[in-house]
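[1] Need coordinates for the below:
(one chain, ligands or ions: 2)
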Amino acid sequence: MQLSKRRLARTLVAVGLAVAAFAGCDEVTTRTPNQPPDTFITSSSPRDSTRVVHHVEVLWSGGDLDGTIDHWEYFLLAHPRAATQIEQLQIVPPAANDPGWKRVEQARVLFAALADTLRADPRGDIGRGEFDRWSSFFVRAVDNEGGVDPTPDYRTFFAYTLAPRLDLVKPAVTGAVASVPRTFVMNWNGVDSIGGSFGTQSPKEVRWVLLPATLDGGGQPIGFPAALYDLPESAWSAWIGWAAMDSLGRQSVFRDLVPPGAFTHNVFALQARDDAGAITPKFDAATPNSNNYATLRIDGTLSVGPRFAVRAREIPATSWFFDGIGAPGFVAASTSDTLTLSWDTPGTQHYGANPGESRYGWNITDQNDDQMWTEWSFVRSATPRQHAASQRFYLQNRDSIGQVTTAVIEFTFTVP
Ligand SMILES: [Ca+2]
Ligand SMILES: [Ca+2]
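    Residues are numbered from 1 along each chain as shown. Ligands and ions are numbered 1, 2, ... in the order given. Okay, here's the model as predicted:
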């Protein structure tokens with residue numbers, strides 16, 4: 001391949017010289033035609049016809065006999081997924097005017113080639129789990145007169161990688177059923193192996209699915225994970241960028257999934273895709289750090305929102321617990337004319353959210369009036385309060401998905 005290219009280049013040079021010689025005979029009427037530049041890949045990696053990690057850097061050089069090289073253009077051609085041997089490929093350079101040629105100023109480029117095909121049934125043993133795909137990289141010089149190398153140089157290589165690995169965390173429970181209230185947040189971690197000694201990176205994007213399930217006597221969802229391997233594309237969410245600004249590449253929020261008092265069983269499953277197009281191939285509920293599906297009991301009898309306890313330093317051995325949104329208020333008798341109140345960091349772990357800020361106030365008549373509250377803050381205590389009569393303490397704790405639990409305690413004052 002390289003030889004035939006060089007032979008052609010030499011022929012072109014010879015023709016060019018002949019034209020130049022001819023043009024020299026008649027300087028008045030003929031201008032020497034531009035000679036196209038030539039291009040040669042110089043890097044040793046990827047060697048032609050080899051299997052390489054899909055993060056590929058190619059370096060090249062070139063020359064132009066009658067001018068200078070202005071810039072370069074490259075083209076990455078992915079071969080059909082079914083091809084496993086180089087003999088099966090049709091390595092045809094793209095058309096000179098193909099819009100897929102990409103301009104580059106430097107004589108090198110680093111790119112992620114496709115490696116999106118697993119050669120094993122993901123339901124069985126997938127060995128090392130490598131995904132691969134054949135590609136050809138073409139590069140051509142463009143000279144100062146716009147002349148394009150008609151014989152791009154190229155390399156053909158078999159790129160491989162491993163698919164991202166996912167790890168469902170709170171509120172999922174590895175290998176067991178997690179009970180969650182009807183509004184909850186699924187959270188996960190993930191890591192993508194680039195391949196070889198290249199280390200790891202973040203997955204590029206994720207998608208999820210939440211399916212109804214029936215549990216068997218052992219608490220296992222019937223027909224899973226088989227059902228997950230057979231899902232049509234349309235059952236999945238859209239692909240979501242891992243680093244999406246709203247964190248939705250790392251969590252998904254579900255609100256009011258069942259009516260209050262009702263419950264359902266569901267399976268939540270997750271896949272990630274990397275920059276090679278490789279998608280998490282297996283579904284696993286039980287292996288730590290690789291558990292990408294989980295069984296949920298979405299229970300409408302469980303309270304929704306942050307939960308926390310409030311304490312008064314002057315009334316030891318007593319606390320008032322607020323189990324989420326709508327928790328009833330308390331009446332508490334105090335013999336101290338000072339109240340120093342504090343509260344726990346709100347509990348949100350059980351439904352997958354994170355605790356947020358608190359605010360409080362006394363004798364609030366309009367909860368919608370922000371002026372009656374302190375600023376939202378992460379301080380979990382109130383300034384000591386003097387009192388000589390009944391007073392109402394109002395406290396709000398919010399979570400990372402905007403749910404707010406309001407606590408009300410009426411303190412009556414009795415002289416000891
Ligand atoms: Ca030229
Ligand atoms: Ca990868």
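[2] wouldn't Met137 be in contact with Glu73 here?
    Not quite, residue 137 is Phe, not Met. No - counting by C-beta atoms under 8 Å, Phe137 does not reach Glu73; the two are 11.8 Å apart. In this view, the C-beta of every residue, glycine as well, is placed from N, C-alpha and C.
[3] Report the buried residues of the top strand by length along the chain.
    Ranked by residue count and defined by DSSP state E, the top strand of the chain is strand 130-143. For strand 130-143, the neighbour count (16 or more other C-beta atoms under 10 Å) marks 130-143 as buried.
[4] and if you look at stretch 315-332?
    Ile315, Trp320, Phe322, Asp323, Gly324, Ile325, Ala327, Phe330, Ala332.
[5] repeat for stretch 64-73
    Using 16+ other C-beta under 10 Å as the test for burial, stretch 64-73 gives Asp64, Asp66, Ile69, Asp70, Trp72, Glu73.
[6] one step back: near ligand 2, which of the buried residues of strand 130-143 show up?
    Counting by C-beta under 5 Å from the ion, nothing from the buried residues of strand 130-143 sits close to ligand 2.
[7] Now render the buried residues of stretch 315-332 as TSV, adding distance to ligand 1, pLDDT and secondary structure.
    Putting the buried residues of stretch 315-332 into TSV (distance: C-beta to the ion, whole Å; pLDDT from 0 to 100; DSSP: H, G, I helix; E, B strand; the rest coil) gives the following:
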residue	distance to ligand 1	pLDDT	secondary structure
Ile315	91	95	coil
Trp320	85	98	strand
Phe322	79	98	strand
Asp323	79	98	strand
Gly324	75	98	coil
Ile325	74	98	coil
Ala327	80	98	coil
Phe330	88	98	strand
Ala332	91	96	strand
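[8] Report the two of those residues separated the most.
    Among the buried residues of stretch 315-332, the pair separated by the greatest distance (C-beta to C-beta) is Ile315 and Ile325, at 25.3 Å.
[9] near ligand 2, which residues of the stretch 101-250 of the chain show up?
    Residues of the stretch 101-250 of the chain lying close to ligand 2 by C-beta under 5 Å from the ion are Thr161, Asp192.
[10] 8 Å - rerun?
    Residues of the stretch 101-250 of the chain lying close to ligand 2 (C-beta under 8 Å from the ion) are Ala115, Phe131, Thr161, Leu162, Ala163, Pro164, Asp192, Ser193, Ile194, Gly195, Gln201, Pro203.
[11] on that earlier part again, mind putting the buried residues of strand 130-143 into TSV with distance to Asn97 and pLDDT?
    Output for the buried residues of strand 130-143, formatted as TSV (distance: C-beta to C-beta, whole Å; pLDDT from 0 to 100):
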residue	distance to Asn97	pLDDT
Glu130	36	97
Phe131	33	98
Asp132	31	98
Arg133	26	98
Trp134	25	98
Ser135	21	97
Ser136	18	97
Phe137	19	97
Phe138	14	97
Val139	16	97
Arg140	12	98
Ala141	16	98
Val142	13	98
Asp143	17	97
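[12] and which of these is nearest to ligand 2?
    Taking C-beta to the ion as the measure, ligand 2 lies nearest Phe131 of the buried residues of strand 130-143, at 7.5 Å.
[13] residue closest to the middle of this protein?
    Trp242 (1.7 Å; C-alpha atoms, centre = their mean).
[14] coming back round to it: which of the buried residues of stretch 64-73 fall in strands?
    Using DSSP E, the buried residues of stretch 64-73 in strands are Ile69, Asp70, Trp72, Glu73.
[15] Any chance of a markdown table for the buried residues of stretch 64-73, columns pLDDT and distance to ligand 1?
    Shown next, in a markdown table, are the buried residues of stretch 64-73 (pLDDT from 0 to 100; distance: C-beta to the ion, whole Å):
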| residue | pLDDT | distance to ligand 1 |
| --- | --- | --- |
| Asp64 | 97 | 4 |
| Asp66 | 95 | 5 |
| Ile69 | 98 | 8 |
| Asp70 | 98 | 10 |
| Trp72 | 98 | 14 |
| Glu73 | 98 | 15 |
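[16] Including distance to ligand 2, could these go into TSV?
    Output for the buried residues of stretch 64-73, formatted as TSV (distance: C-beta to the ion, whole Å):
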residue	distance to ligand 2
Asp64	39
Asp66	45
Ile69	35
Asp70	36
Trp72	28
Glu73	28
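[17] on that earlier part again, past the longest strand of the chain, which element shows up next along the chain?
    Moving toward the C-terminus from strand 130-143, the next helix or strand (DSSP states H and E) is strand 153-162.
[18] what's the burial count for the closest residue to Pro150 other than its chain neighbours?
    Of all residues not flanking Pro150 in the chain, Pro36 sits nearest, at 5.8 Å (C-beta to C-beta, 6 or more residues apart in numbering). By the criterion of other C-beta atoms under 10 Å, Pro36 has 25 neighbours.
[19] And the one 4 residues further on, by the same measure?
    The number of residues packed around Phe40, counting by other C-beta under 10 Å, is 17.
[20] Can you point out the buried residues in the helix or strand it falls within?
    Under the criterion of DSSP H and E, Phe40 resides in strand 38-41. By neighbour count on 16+ other C-beta under 10 Å, the buried set for strand 38-41 is Asp38, Thr39, Phe40, Ile41.
[21] Pro281 is in contact with Ile126, correct?
    Yes - Ile126 is within contact range of Pro281, at 6.1 Å (criterion: C-beta under 8 Å).
[22] Now do the shared contacts for these two.
    Residues touching both Ile126 and Pro281 (C-beta atoms under 8 Å, 6 or more residues apart in numbering) are Leu118.
[23] What pLDDT is listed against the residue of the stretch 201-350 of the chain found nearest ligand 1?
    Ranked by C-beta to the ion, the top residue of the stretch 201-350 of the chain for proximity to ligand 1 is Asp275, at 36.4 Å. For Asp275, the pLDDT comes out at 98.
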